[in-house]
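Student: 3D model of this:
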Amino acid sequence: MAYQHILPGLYPGPYVHDIISAGTAHRAHSIFQGHIEDNQLDVRRCDREFWEHTPIPDRVCRYITLAGFEGVLESGYQMVDHSLITSLVERWRSERHTFHLPVGEATVTLQDVEVLWGLHIDGPPVIGIDTYRSIQEWGAICEELIGFSPAVGYFDGQRLKLGCLARVLDTELPPDASDVECRQRARIYLLLILGGHLLSDKSGNKVPLLYLPLLRDLETVGQYSWGSACLATLYRSFCDATNPAKSAIAGPLVLLQLWIWEHIPTMRRTESRRWRITLVHMELGGIMTWTYTELLGMLCPHFEIS
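Tutor: Residues are numbered from 1 along each chain as shown. This is a model prediction of the structure:
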């Protein structure tokens, strides 16, 4: 992998060429060669409408907690640094799924996902049979699980536009709403979380409907390994974004930003608050609050964190 010299005496490429082969074209190589002029990726996200409809009513929030997404709610809305994400893409190696940094290789792990967002990393994988269903069939499933059948214009193949879900949330849940209605409202929130935040794609406004049947039984939703699905989505998004022909990236990028803030504090914005995790510690008899690095140090006492 040989890069052009940017300035006399400055060589930005690797000194040893036989460790990692050039392989497929990489975004960083194209930047050094001057083939990419606007080197900042378009970071796409569509979770703003979800956060605009928070706080969530307690009767609905308890089902979201039951499903295992309480940690995502507690993280709140986070602005994404587009330049930071772009810089990390340029340092991503798809062969190893790691970032090549001056201090060495680093990557987001399942443990990071579990600690930062509290997502389950054990249990059944998040998979579904991508069976074709007609709009009428999906409409019937939506009527049962989320309480309404979206208009035909909101369907895009086997995906549903998130806008119709957000419009339902504009109407407050009645005080005398039944348990069935609370569960339906919780599934709407969960679809917005999955399609707009955790497993988002570059469409920016759609969620695959194959997630909906997985949300039928809210008592078992939390048993799925959503953390593994989230991490796999992040890896796939970065591998795709290294292609010089790509100009956008999506996925759980807030998770990546929280991770990099904790491992490289100098990259954290000065106005951002330090990430803290609140857990119920049974042995200490109360609610304890730790920073991420403190908690990781307790889980892995022999792991050194700079």
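
Student: rest of the way, CA atoms for contacts and neighbours
Tutor: Fine.

Student: which of the residues in the strand or helix carrying residue 181 are buried?
Tutor: With secondary structure defined by DSSP states H and E, residue 181 is part of helix 179-193. Using 16 or more other Cα atoms under 10 Å as the test for burial, helix 179-193 gives 181-193.

Student: can you pull out the helices in this protein?
Tutor: Along the chain, counting by DSSP state H, helices occupy 27-32, 48-52, 58-66, 70-75, 82-90, 110-117, 135-145, 162-169, 179-193, 218-221, 226-241, 253-263, 292-299.

Student: mind checking which of the ones you listed is nearest residue 98?
Tutor: Closest approach to residue 98 among these is made by helix 226-241 (9.0 Å; Cα to Cα).

Student: angle of that closest one against helix 110-117?
Tutor: For helix 226-241 against helix 110-117, the angle by axes from the mean of the first three to the mean of the last three Cα atoms, to 10 degrees is 110 degrees.

Student: what average pLDDT does the helix holding residue 181 get?
Tutor: Here helix 179-193 scores 96 as its mean pLDDT.

Student: any stretches of the stretch 51-200 of the chain with poor pLDDT?
Tutor: For the stretch 51-200 of the chain, the stretches with pLDDT under 70 are 129-130.

Student: in this structure, which residue is closest to the centre?
Tutor: With distances taken as Cα atoms, centre = their mean, residue 252 lies nearest the centre of the chain, 1.8 Å away.

Student: quick one: residues contacting the residue lying closest to it once chain neighbours are set aside.
Tutor: Spatially, and ignoring its direct neighbours in sequence, residue 252 is nearest to residue 198 (4.8 Å; Cα to Cα, 6 or more residues apart in numbering). Residue 198 makes contact with 230, 251, 252, according to Cα atoms under 8 Å, 6 or more residues apart in numbering.

Student: from residue 35, how far off is residue 198?
Tutor: 32 Å (Cα to Cα, to the nearest Å).

Student: just to revisit the earlier point, next, the angle from the helix holding residue 181 to helix 162-169.
Tutor: Going by the same axes, to 10 degrees, helix 179-193 makes 140 degrees with helix 162-169.

Student: list the helices and strands helix 179-193 packs on?
Tutor: helix 48-52, helix 58-66, helix 162-169 (3 or more Cα pairs under 8 Å, 6 or more residues apart in numbering; DSSP states H and E).
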